[in-house]
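[1] Predicted coordinates and the sequence they were generated for:
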Amino acid sequence: MKEELDLNKGSHFRFWDSLSEDKKAENIKKIQSKIGVHSEIGKLRKVFLHSPGQEVESMTPKSASELLYNDIIYYKNIVAGHAQLKSVLSLVSEVFEVSTCLEEILDLQQARNELLDQVLYYQGCPELKFELSEMPSDELAKTLITGVSLKRNSLESWLSSKTFSLVPLPNMYFMRDTSMVVGTRVISSRMASSVRFTESLIMRAIYEYHPDLTGHGLLLDACYKNNDPKFTIEGGDIIVINEDLLLVGISERTTTKAVDALVDSILSARTQEGKTEPFNILCVILPQERSTIHLDMIFTVANKEQAVVYSPYVLGRERARVVRIRVKSDGDKKFKDVEDLILGLRSVGVRMDPIPCGGDNPLHQQREQWNSGANLFSFAPGKVISYMHEHTLQACESAGFKIVSAKDAIKHPALLSSESPLVVTVEGSELSRGGGGPRCMTCPVLRDPV
Ligand SMILES: NC(=[NH2+])NCCC[C@H](N)C(=O)O
């Protein structure tokens with residue numbers, strides 16, 4: 001961001017920085033009931049979702065790829081699939097709709113003012129400030145997500161190739177990427193693509209001001225570190241295995257620079273919390289391809305010792321390189337290449353048996369992975385939500401999971417508390433064309449310990 005605007009004036013986070021170490025530790029205890037994610041599978045208590053709206057229809061075939069979509073998609077066709085996801089999650093957890101939280105913080109004058117300044121400055125349309133600040137909060141929240149068309153009221157705008165002054169946010173329903181809770185703190189993402197930057201500003205403001213969430217420090221404030229294109233980090237690349245182990249994708253979206261900074265932030269957060277045991281990060285160097293934008297496109301945890309994987313990049317000859325970083329509390333770091341992700345996990349005491357996305361046939365593997373078949377979301381140990389991919393579901397069944405459709409689960413919620421591992425399937429043929437699956441659409445805020 002350019003220099004003139006003081007983006008660090010956010011009151012809560014600045015206040016946090018000024019606290020003594022003892023006060024920070026006290027606050028961390030208080031916030032533990034509000035936010036906390038120490039695994040991928042702990043019983044879900046709070047989760048962010050965004051039910052997609054008209055913003056998804058803002059793109060044309062020409063702009064789709066720039067807006068990070070595989071194709072244009074139709075709002076009507078994705079509503080049902082997303083509603084199934086939301087209904088299932090509402091049966092097991094509190095669901096925060098982002099637009100509602102946004103609306104609520106926009107009632108606070110300071111939050112409204114700061115967020116508007118940041119978004120309009122970043123999008124290069126400060127002239128909209130007056131018009132937008134006069135809007136009621138619900139209308140403003142909607143406008144920030146669906147955008148404002150360019151008014152053709154000058155020669156410059158008449159001849160402009162732009163369609164919008166304030167660009168819409170069609171990727172907003174991929175909640176996973178723009179912020180994340182790791183342990184008891186938040187990482188505010190720095191998006192690799194500018195078309196998603198406003199989303200991360202919105203999420204940062206929500207964590208800063210929303211009464212149900214505020215009260216913690218930021219683990220990494222990457223959102224504001226936006227002068228350096230080599231410093232980007234997105235939630236789809238961060239997988240929390242346990243309190244002492246993270247998996248990180250080094251990808252088109254998450255850079256080594258950002259991960260180095262993350263390691264240092266975790267180290268200082270752990271020091272504040274009085275933790276003395278070493279922690280590990282397994283870094284998976286992903287191929288820079290459209291279908292592997294994030295680590296969670298090739299690996300998601302489905303149960304205590306089971307993960308759905310895209311075998312070619314996790315286990316096969318083309319497998320991704322994996323580097324283990326072991327960090328001691330005195331700051332000593334050891335780097336080591338490990339054989340593959342599964343063995344890397346073993347090397348730090350975690351067993352994960354792979355369930356192959358698409359089964360064993362390379363054709364099915366490629367087709368189902370492309371449509372986010374390896375991207376499952378766990379709402380409790382052994383309870384996952386997946387799109388309907390025939391061969392992946394068969395592989396899950398062989399690995400001991402029962403399959404239940406979201407429709408049936410919504411009609412008979414008792415199905416969700418079955419003893420056996422469960423895959424709940426949602427209709428995703430159209431949603432997946434936005435480029436992600438159930439894990440990408442969810443951002444857990446609070447989970448029980450496993
Ligand atoms: N965690 C994920 N895999 N997210 C998928 C995000 C898809 C979105 N269209 C993007 O490219 O940013």
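    All right, it came through fine.

[2] Quick check: residues of the stretch 301-450 of the chain near the ligand?
    Gly434, Gly435, Gly436, Cys440 (CB under 6 Å from any ligand atom). Backbone N, C-alpha and C define where each C-beta goes, glycine included.

[3] Going by neighbour count, which of the residues you listed comes out on top?
    Cys440 (27 neighbours; other CB atoms under 10 Å).

[4] Kindly confirm my reading that it is in a helix.
    No: read with DSSP: H, G, I helix; E, B strand; the rest coil, Cys440 is coil and lies in no helix.

[5] That one contacts Ser372, doesn't it?
    Yes: between Cys440 and Ser372 a contact is recorded at 7.1 Å, counting by CB atoms under 8 Å.

[6] and the strand or helix carrying Tyr121, how far out from the chain's middle?
    If you go by DSSP states H and E, Tyr121 is part of helix 109-123. Centroid separation between helix 109-123 and its chain, computed with CA atoms, centre = their mean, to the nearest Å, is 22 Å.

[7] Run through the neighbouring helices and strands of it.
    Packing partners of helix 109-123 (3 or more CB pairs under 8 Å, 6 or more residues apart in numbering; DSSP states H and E): helix 98-106, helix 129-133, helix 137-146, strand 164-166, helix 197-209.

[8] Out of these, which is the most enclosed?
    helix 197-209 (a mean of 25; mean count of other CB atoms under 10 Å).

[9] so what's the residue of the stretch 51-200 of the chain found nearest the ligand scoring on pLDDT?
    Nearest residue of the stretch 51-200 of the chain to the ligand, counting by CB to the nearest ligand atom: Leu68, 3.4 Å away. Per-residue confidence (pLDDT) for Leu68: 90.

[10] Pull the number of nearby residues for it.
    Applying other CB under 10 Å, I find that Leu68 has 21 neighbouring residues.

[11] wait, what's in contact with it?
    Asn171, Ser193, Val195, Arg196, Gly435 (CB atoms under 8 Å, 6 or more residues apart in numbering).

[12] can you confirm it is in a helix?
    No: remark: Leu68 does not belong to a helix; assigned using three-state DSSP, it is coil.

[13] The residues of the stretch 301-450 of the chain next to the ligand into a markdown table, with extra columns for secondary structure?
    Converted to a markdown table, these look like this (three-state DSSP):
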| residue | secondary structure |
| --- | --- |
| Gly434 | helix |
| Gly435 | coil |
| Gly436 | coil |
| Cys440 | coil |
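
[14] Which two among these are spaced furthest apart?
    The largest distance within these, taken as CB to CB, falls between Gly434 and Cys440 and amounts to 8.6 Å.

[15] got a list of what whichever residue of the chain sits closest to the ligand touches?
    For the chain, the residue closest to the ligand is Gly236, as judged by CB to the nearest ligand atom, at 2.4 Å. Neighbour list for Gly236: 174, 176-177, 249, 253, 293-297, 436, 439-440 [criterion: CB under 8 Å, 6+ apart].

[16] Please repeat the previous calculation with a cut-off of 10 Å.
    174, 176-177, 180, 189, 249, 251, 253-254, 293-297, 375, 435-436, 439-440 (CB atoms under 10 Å, 6 or more residues apart in numbering).

[17] same question, Pro356
    Counting by CB under 10 Å, 6+ apart, Pro356 has contacts 308-312, 314-315, 364-365, 368-369, 373-374, 391-392, 395-396, 398-399.

[18] Grab the most central residue of this structure for me.
    In the chain, the residue lying closest to the centroid (CA atoms, centre = their mean) is Arg176, at 1.6 Å.

[19] give me the low-pLDDT residue ranges for the stretch 51-200 of the chain?
    Under the criterion pLDDT under 70, no range of the stretch 51-200 of the chain is flagged.

[20] Flag every residue of it that's near the ligand.
    So the stretch 51-200 of the chain meets the ligand at Leu68, Tyr69, Asn171, Phe174, Arg176, Asp177, Arg196 (CB under 6 Å from any ligand atom).

[21] Recalculate using a threshold of 8 Å.
    Selection of the stretch 51-200 of the chain residues close to the ligand by CB under 8 Å from any ligand atom yields Leu67, Leu68, Tyr69, Asn70, Pro170, Asn171, Phe174, Arg176, Asp177, Met191, Ser193, Arg196.
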